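Asker: Quick one: sequence and predicted model below, then my questions.
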Amino acid sequence: MRIIGLLLLLLLALVGVPPARADHELSLLRERGLALMRHGGAIPAPPGATPPVPGCDPGAVLTEMGREEMRRWGAALRSAGLPPVTLLTSHQCSAWETAVLLDLGPVVTDPALDPWDRAEGATRGEQLRQHVVALEGARRQGAGPVIMITHRANILAVTGIEASHGELLLLRADRGSLGLLGRLQME
């Protein structure tokens, strides 16, 4: 059993997950199963671009490097034993494509995760915070792990944290409050 654990840590190191933190954070993700994630590295889509995922809003799309990183990140999470999760995503192609490339479970669009204007920041940030708290309640009722893929400004408004591309913020939602349990990202 010890050899399997060492092989898992070696695999995670090879795909870019820091081994010392990865074991604890992955355990939190498996057990607590609620995370906000910033989409992979993206650029504004050229005018008239065909959406990489049918139906998404092509305001921004992943770069080739962003695509490759999200494929590797999904493979690392699956190899680490992450059970299938529900991936909630905004309608923007950068987030939707991230969810599809992670290949961790079903992808469902969620308008609460869409980007918003700065003028809406405080109101929409509070609405998203309440949405995350409600999702934790549903997850506890047997909905399984949930990863919400959204955008920098949304995550900043809800958590006060400037998340990196592809970073997972592991959350705890109790009695209407939201707390950070840990952070998980590729290196």
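Answerer: Received the coordinates, thanks. Numbering: from 1, shown residues only.
Asker: wait, residue 157 sits on residue 123?
Answerer: No. Using CB atoms under 8 Å as the test, residue 157 is too far from residue 123 to be in contact (9.7 Å). Using the backbone N, CA and C atoms, a C-beta is placed for each residue, glycine as well.
Asker: These two: which has the busier surroundings?
Answerer: residue 157 (22 against 11; other CB atoms under 10 Å).
Asker: residue ranges of the strands in the protein, please?
Answerer: 34-38, 42-44, 60-62, 86-89, 107-109, 146-150, 168-174, 177-184 (DSSP state E).
Asker: how about a markdown table for those, with mean neighbour count and distance to residue 26 added?
Answerer: Output for the strands of the chain, formatted as a markdown table (neighbours: other CB atoms under 10 Å; distance: least, CB to CB, whole Å):
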| stretch | mean neighbour count | distance to residue 26 |
| --- | --- | --- |
| strand 34-38 | 26 | 11 |
| strand 42-44 | 15 | 25 |
| strand 60-62 | 23 | 24 |
| strand 86-89 | 25 | 17 |
| strand 107-109 | 16 | 21 |
| strand 146-150 | 26 | 13 |
| strand 168-174 | 20 | 10 |
| strand 177-184 | 15 | 7 |
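Asker: so which of those strands comes closest to residue 23?
Answerer: strand 177-184 (10.6 Å; CB to CB).
Asker: partners of the closest one in the sheet?
Answerer: Using DSSP bridges, the strands paired with strand 177-184 are strand 168-174 (antiparallel).
Asker: Run the angle between the partner strand and strand 34-38 for me.
Answerer: Angle, strand 168-174 to strand 34-38, by axes from the mean of the first three to the mean of the last three CA atoms, to 10 degrees: 140 degrees.
Asker: How about residues contacting strand 168-174?
Answerer: Applying CB atoms under 8 Å, 6 or more residues apart in numbering, the external contacts of strand 168-174 come out as 25, 28-29, 32, 34-37, 132-133, 135-137, 147, 155, 159, 161, 163, 178-185.
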